[in-house]
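[1] any chance you could fold what I've pasted below:
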Amino acid sequence: MNKFSLFLGVLSLSFTSYSQQYDFQTIKEINCLPVISQGNTGTCWSFSSTSFLETEIIRTTGQKVDLSEMYNVRFTYLAKAENYVMRQGKAQFGEGGLNHDVINSAKKYGLTTEAVFSGKLSADAKHDHSKMVDELEAIVKKAVAETPLKYPNWKEDYNAVLDKYLGKIDAVKPTDAKEYKIILNDYVTITSFTHVPFYSKFILNIPDNFSNESFYNVTLDDFVQNIDNALDKGFTLALDTDVSEETFSTKNGIAVIPENSSDMETILTEIKPEKQITQEYRQAEFENYNTVDDHLMHIVGKVKDQKGNIYYKVKNSWGTTSGKDGFMYMSVPFIKLKAISVMLHKDGLTKNTRKALNI
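    Got it, this is the predicted structure:
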C-alpha cells in the first residue's frame, strides 16, 4: 500500500512537471488607469497612447487624470483626410493610426479629459464609428474625384460628420501637456529590422504610418533590453504589435509562440517550450506579411511563471471581459517576433542605446 502511494506521488509530480498551468508571479507592475473598451472602432492606437500618457502623468505628478481618447482621434481624422486628399487618394485612409499620431495631435492641440470630451453623444453610449467612417470616406473620395477646386467645402462637410458622431469640439479648452509635467518631444519609438542599418532613424513603411514618422532601429536583443530597462526604471511603453496569431488568445489572456506546432492549443493553458526567435526569422515574418501592425496596447508590467519564463503584462482596450480582466500576458518570444515597435520616454532607454542613437 505504501509503495503504491509512493508510486502515485511520483507519477503526479512527474505529470505536474510536464503539464503546468500558468501561475504568474509579479516582477514589476506600474500603476495605470482601469481598462476600458474602444468599442466598435479602430482607434486602439489612441487608447494605447492615451493610457500611456495617463501613466506618465501619474509618474510625473502623482495625479490620476482620465484623458479623452476621442479628442486626439478627432484631430487625427482631420490630418488623415488632408493627407489623403492632397495625395490624390494614393494614401491610407481608415481608422488605423500609430502611437505618434496622438503625440503629434497633442503637440498641436493639447490634451483634454474624458469628462470634457468623451466623443459620445450620451453618457451611456458605446463607441461605434462604423457609420461615421463610411461617411467620412465618401467625402474624401468625392474630394479626390472632383478635386478640391470643384468641391471647395469638403472640409466643412467632413467636420459636420465629426460633429454629428463625436460631438462639437469648438468650446473645448485644451490643456498643454507641460501642465502635467510632460514634454512630448521626450518620447521616442524604437523597432528592430535588418533592412536598414542598426542605430539609425528611418521611416517604417507600414500602412498605418500615414504621417511618415521615423523610428529608431536597434538590434533585437537591445529591443528587449530596452523594454526591460524601461519597466525596471518605472516607465511603461506603448506597444504596436501583431495579434493575428492563433496563440494570441484573448480567452486565456496569453500570447505565446510555441516551439512545436502540436502545442498550439495546449500552450494556451499550460507551460510549453517556446520558439527561439532570431533577428533573421523576425525579419522574414515581417517581409512576408505574417507579422503586421494590426493592434496597439500598453505594456505596464512584467511577470514570471513557475519555470521562470518572463511575460509582459499588457493593458488592452477590449474591455475587462477580454483577456485576464482586460490584460494580456505576452511572452518574450512573442514580443521578439510580433512587436512592431514600442514608444517610451527617452529616459527609459539604456545608456548604451541612448549613446548609440545620440539621444
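[2] give me the buried positions along the biggest strand by length in the chain.
    Criterion DSSP state E: the longest strand present in the chain is strand 295-304. Using 16 or more other CB atoms under 10 Å as the test for burial, strand 295-304 gives 295-303. C-beta coordinates here come from the backbone N, C-alpha and C atoms, glycine included.
[3] which among these gets closest to residue 176?
    Within the buried residues of strand 295-304, the smallest distance to residue 176 is 22.8 Å, found for residue 298 (CB to CB).
[4] surely that closest one touches residue 235?
    No - the pair residue 298 / residue 235 is not scored as a contact, 11.8 Å apart, by CB atoms under 8 Å.
[5] against residue 52, how distant is residue 119?
    18 Å (CB to CB, to the nearest Å).
[6] pLDDT of the longest strand of the chain, averaged?
    Strand 295-304 carries an average pLDDT of 98.
[7] give me the three-state assignment for residue 215.
    At residue 215 the chain is in strand, as set by DSSP: H, G, I helix; E, B strand; the rest coil.
[8] wait, doesn't it sit right on residue 205?
    No - the pair residue 215 / residue 205 is not scored as a contact, 10.4 Å apart, by CB under 8 Å.
[9] with neighbour numbers in mind, choose between these two.
    Neighbour count, other CB atoms under 10 Å: between residue 215 and residue 205, residue 215 has more, with 25 against 8.
[10] how about the more buried one, what does it touch?
    189-191, 201-204, 341 (CB atoms under 8 Å, 6 or more residues apart in numbering).
[11] so which of these sit within strands?
    Reading strands off the contacts of residue 215 with DSSP E, I get 189-191, 201-203, 341.
[12] what is the nearest of the buried residues of strand 295-304 to residue 161?
    Using CB to CB, these come closest to residue 161 at residue 296, 24.4 Å.
[13] grab the nearest non-local neighbour of the closest one.
    residue 48 (3.8 Å; CB to CB, 6 or more residues apart in numbering).
[14] hmm, residue 299 and that neighbour touching each other?
    No - in this structure residue 48 lies outside contact range of residue 299 using CB under 8 Å: 9.6 Å.
[15] which neighbours do the two share?
    Once CB under 8 Å, 6+ apart is applied, the residues that residue 48 and residue 299 both contact turn out to be 238-239.
[16] how close does residue 134 sit to residue 86?
    Residue 134 sits 22 Å away from residue 86, going by CB to CB.
[17] not counting sequence-adjacent ones, nearest residue to residue 70?
    residue 119 (2.4 Å).
[18] again with residue 107
    In space, residue 107 is closest to residue 184, 5.2 Å off (CB to CB, 6+ apart).
[19] right, and the one you found touches residue 110 too?
    No - with contacts counted by CB under 8 Å, residue 184 stays clear of residue 110, the gap being 10.1 Å.
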